[in-house]
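J.: just the structure for this:
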Amino acid sequence: MVRRGEFLLDQDEEVQSDLYDFTMEGSDGQYRLTWPSLHITCDVERMRESTDHDVKADLNFTSERPTSAGHLRHGRILVTSPTAKKSMAKLLEDRDSQVDWDAVMEQVCKTIIADYRKGSPEVMLTGDMDVIAQSKWLIEPILQEYNPTMIFGPGSSGKSWLGQYLAVLVDAGISHGGLTVEPANTLVLDWETSQDELGARITMLRKGMGLEGKSGVWYKAMSQGLASDLETVRKIVLNRNISFIVLDSLGSASAGEPESAEVVLRLFSSLRSLKVTSLCIDHTNKEGTLFGSVYKFNSARQIFEIKKDQKPGEDKLVFGLFHKKANNSKLIKDIGFQLDFSQEGQVTVARQDVRDTDLSHHQSVPDRILNAFRQNRGDGKMTVDDVTEEIWAEDKPVSKEVVRTAMSRLFNQGVLMKRPEDRDNDGKQQYALPVRRSWEEPVASEGGDSWKIV
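T.: Numbering: from 1, shown residues only. Reported below is the predicted structural model:
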């Protein structure tokens, strides 16, 4: 966001006042003030307020003026101190005496302190908002604008490839693989790999999509936690006009015990202060669930679990995204993708229906039941016992009682049918898909336990 300001000087000429009009970008202690008519810029970093309300900040002045082009002065000063402001103004005057540096310093210090201390202003919620217009997506249906999305799964499950694929799509501004994409400047914060490895993957993905020219994806190798390196990242966001960030991975970005609520909340608070859309890649624990504090689950607005299917020696990787949480939308159907590495130097990505893969047993019980009926090559009729046997999997076992309850719900919603005369040889009730009706997909509600035909 760009804010405009003016500062009336003691001089009588109105032209002089216009000369000192300025704009300010940034927030939360990281700012850039620009005087278009003076051709000078001040970058503000590392603002801190002490317990006695003194505020310090790093100021870096640069110039595009013919008499003083380039770097002018840099220093950390007490911006609440008149003496410190006067001293910095005198140093700047030594570099370019044609600018009223006292006025400029007063503009800088007064404006940044006011913004730094004000926080978020109070607003009235009138109840007449255009809800549809506000429900914006950067990548529909995965990434909502200005919200964090988390994707978690075990190692080598395709998490990083997915993050890099989404980064390429957003950077190029193209819709692909059944995803609707808006363009945005993109930054990858990497704690896991290296610039060369990520650069190679971006190249392979772009070739697989037939993209020509150069990528505009920005990259930063990270060694500290996000909160510790926040000012550096915020400066990149400001300088490069970044709107989308990929964090790989969340555990390293936290730089602390993942079970600690304080550590996790500090991370998400830092992320929120950047005011960008973000994709947070995370790992599972040894039990196969989301690793660390429950505040991870609470802080992310959208959460997907990723599962892969890849046989030894295969040059294709199939993975599925299973929606676990949605704050501002309904839970969506499972999404599948296939990565093909068969052609040297490139990777192709294609949408894959999860129900047609070996990942189908990871789907919800109602989905697994309907998959069984869809794949039934007999007369289409199955009992609860038949379905239980059909969908049972060693790593995803399901009891007959659970199947019976789910099939009853599907019957009540018209997804399955049964007739009194439909019995097997043992007299057990048989179910089937509705006659003369195409097989339709159930979709979980936000609560995750109800189903409807769409």
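J.: give the buried residues for the helix or strand encompassing L370.
T.: Following DSSP states H and E, one finds L370 within helix 365-375. Using 16 or more other CB atoms under 10 Å as the test for burial, helix 365-375 gives V365, P366, D367, R368, I369, L370, N371, A372, F373. Where you see a C-beta, it was placed from the backbone N, CA and C, and this is true even at glycine.
J.: avg pLDDT for the top helix by length along the chain?
T.: For the chain, the longest helix by residue count, based on DSSP state H, is helix 101-118. Helix 101-118 shows a mean pLDDT of 92.
J.: and L267, how far is that from Q224?
T.: Relative to Q224, L267 is positioned 12 Å away (CB to CB, to the nearest Å).
J.: which of the two has more neighbours?
T.: The neighbour comparison of L267 against Q224 (other CB atoms under 10 Å) goes to L267, with 27 against 13.
J.: which one is the more buried one nearest to, not counting chain neighbours?
T.: Distances taken as CB to CB, 6 or more residues apart in numbering place S254 nearest to L267, at 4.8 Å, with adjacent residues excluded.
J.: for the one you found, list the residues it contacts.
T.: G225, L226, V263, V264, R266, L267, G292 (CB atoms under 8 Å, 6 or more residues apart in numbering).
J.: sticking with the residue nearest the centre of the chain, tell me its helix or strand.
T.: What sits nearest the mean C-alpha location of the chain, by CA atoms, centre = their mean, is S278, with 2.2 Å. Taking DSSP H and E as the criterion, S278 maps to strand 277-283.
J.: which residues does the helix or strand following that strand contact?
T.: With elements assigned by DSSP H and E, the helix or strand that comes after strand 277-283 is helix 294-299. With contacts defined as CB under 8 Å, 6+ apart, helix 294-299 is touched by P148, M150, L250, P258, A261, V264, L265, F268, D282, L290, I303, K325.
J.: the second one belongs to a strand?
T.: Read that as M150. Yes - under DSSP: H, G, I helix; E, B strand; the rest coil, M150 sits within a strand.
J.: got a pLDDT number for it?
T.: Note on M150: pLDDT of 96.
J.: nearest residue to it other than its sequence neighbours?
T.: Nearest non-adjacent residue to M150 (CB to CB, 6+ apart): A300, at 3.9 Å.
J.: what's the distance between the one you found and E257?
T.: Distance from A300 to E257, counting by CB to CB: 18 Å.
J.: tell me which of these two has more neighbours.
T.: Per other CB under 10 Å, whichever of A300 and E257 has more neighbours is A300, with 25 against 13.
J.: quick one: the strands in the stretch 201-350 of the chain?
T.: 218-221, 244-248, 277-283, 302-309, 316-326, 335-340, 348-352 (DSSP state E, counting those that start in this stretch).
J.: please render these as CSV that adds distance to T34 and mean pLDDT to the earlier fields.
T.: What follows is the strands of the stretch 201-350 of the chain, written out as CSV (distance: least, CB to CB, whole Å; pLDDT from 0 to 100):
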stretch, distance to T34, mean pLDDT
strand 218-221, 22, 97
strand 244-248, 24, 97
strand 277-283, 26, 95
strand 302-309, 36, 93
strand 316-326, 40, 94
strand 335-340, 43, 95
strand 348-352, 41, 94
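J.: in the stretch 151-300 of the chain, what spans have low per-residue confidence?
T.: Within the stretch 151-300 of the chain, no stretch has pLDDT under 70.
J.: next helix or strand past the host helix or strand of L138?
T.: For L138, the element it lies in under DSSP H and E is strand 137-140. Once strand 137-140 ends, the next helix or strand along the chain (criterion: DSSP H and E) is strand 143-144.
J.: which strands and helices sit next to that next one?
T.: Packing partners of strand 143-144 (3 or more CB pairs under 8 Å, 6 or more residues apart in numbering; DSSP states H and E): strand 137-140, strand 277-283.
J.: and those, which is most packed in?
T.: Among the helices and strands packed on strand 143-144, ranked by average contacts under mean count of other CB atoms under 10 Å, first place goes to strand 277-283 (a mean of 24).
J.: before we move on, the earlier item: what separates the longest helix of the chain from the chain centre, distance-wise?
T.: 33 Å (CA atoms, centre = their mean, to the nearest Å).
J.: elements contacting that helix?
T.: strand 2-5, strand 22-27, strand 30-35, strand 40-49, strand 55-63, helix 82-95.
J.: contacts only, for the residue nearest to A350 when sequence neighbours are not counted.
T.: The shortest distance from A350 to any non-neighbouring residue, by CB to CB, 6+ apart, is to Q338 (5.0 Å). Residues in contact with Q338 (CB under 8 Å, 6+ apart) are K316, L317, V318, V349, A350, R351, Q352.
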